[in-house]
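Engineer: 3D model of this:
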Amino acid sequence: MGNTIRVLPFALLALVAIASIFAPQQALFTSDQYVGADIAWLLMATALVFLMTPGLAFFYGGMVHRKNVISTMIKSMVAAGIVSVLWVVVGYSLSFGESIGGFIGDPSSHLIFKGVASGAPQLQGGSLMTIPLLLFAFYQLMFAIITPGLVVGAVAERIKFTAYVLFILLFSLLVYAPLAHWTWHPMGFLFKMGVLDFAGGTVVHISAGGAALAGALVLKRRHAHLAQE
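Structural biologist: As a prediction, this is how the structure comes out:
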């Protein structure tokens, strides 16, 4: 039973990868509104934001006891796989789909990236973008990946891997997606109030900081510190 539980997440990821091979190909939306320089820069920015995830893994790995280095680094990196699948299935739709009262996106509007690859480069209520909507979705994915990874430092050496995976799923759906919708979607109620978040200070750092504080309070001190006392 224990081996089955360990293998199940990797089996699900493998099934998703195999299923993607048979997904129908769609022509990308063509628009005169695209600006080559904007596309090139956002591609670079997407790669740079993604590099924060392995960088964070090495950073947190250097803060724990050497016997916990690998497990801590894996916790930081596993979000890349879990959040990517979740983002394509429903996460992007909850964050940037058709707004429901300015609080959350309609989960069916872009379910499994429906209309993202071939859709017009525009969000509901927003001006026409100069980049493809698909590129915008992947750029936002990088922030969705790094946010739960930031919490690892507060719960390192005190949480099981399976519990952390469950945290990633619940945090991404119940905390990150609504906050991203409020702040970054043109119809979000915080966006309409004039809140501007250019670097993730609200969506990424406040949410991750709050989750880290909650984790530290619930899980108490590390076992290593208690043993020393």
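
Engineer: tell me where the protein has helices.
Structural biologist: 2-21, 36-61, 69-86, 92-96, 133-150, 152-155, 161-171, 177-184, 189-192, 207-219, 223-228 (DSSP state H).

Engineer: so how far is the first one from its chain's centroid?
Structural biologist: It refers to helix 2-21. Helix 2-21 sits 20 Å away from the centroid of its parent chain (CA atoms, centre = their mean, to the nearest Å).

Engineer: could you dump that helix to CSV, C-alpha only?
Structural biologist: Written as CSV, here are the backbone C-alpha positions of helix 2-21 (Å, rounded to 0.1, in the frame of the first residue of the first chain):
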residue,chain,number,x,y,z
GLY,A,2,2.8,2.4,0.9
ASN,A,3,4.6,1.8,-2.4
THR,A,4,1.4,2.4,-4.3
ILE,A,5,0.9,5.8,-2.7
ARG,A,6,4.5,6.8,-3.5
VAL,A,7,4.2,5.8,-7.2
LEU,A,8,0.7,7.2,-7.7
PRO,A,9,1.7,10.9,-8.2
PHE,A,10,4.4,10.0,-10.8
ALA,A,11,1.9,7.6,-12.6
LEU,A,12,-0.6,10.5,-12.8
LEU,A,13,2.0,12.8,-14.3
ALA,A,14,3.1,10.1,-16.8
LEU,A,15,-0.5,9.6,-17.9
VAL,A,16,-0.9,13.4,-18.4
ALA,A,17,2.3,13.5,-20.4
ILE,A,18,1.2,10.6,-22.6
ALA,A,19,-2.3,12.1,-23.1
SER,A,20,-0.8,15.4,-24.2
ILE,A,21,0.7,13.6,-27.2
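
Engineer: so what touches that helix?
Structural biologist: 81, 82, 85, 162, 165 (CB atoms under 8 Å, 6 or more residues apart in numbering). To be clear about C-beta, it is placed using only N, CA and C from the backbone, and glycine gets the same treatment.

Engineer: ok, the second one to residue 88 distance?
Structural biologist: Which is residue 82. 11 Å (CB to CB, to the nearest Å).

Engineer: burial measure for the residue lying closest to residue 122 once chain neighbours are set aside, as a count.
Structural biologist: Nearest in space to residue 122, with sequence neighbours left out and distances taken as CB to CB, 6 or more residues apart in numbering, is residue 128 at 5.0 Å. Using other CB atoms under 10 Å, residue 128 has 10 other residues around it.

Engineer: kindly report the same for residue 130.
Structural biologist: So residue 130, with other CB under 10 Å, has 15 neighbours.

Engineer: tell me where the model's unsure across the protein.
Structural biologist: Within the chain, the ranges that satisfy pLDDT under 70 run 1-2, 24-32, 119-120, 222-229.
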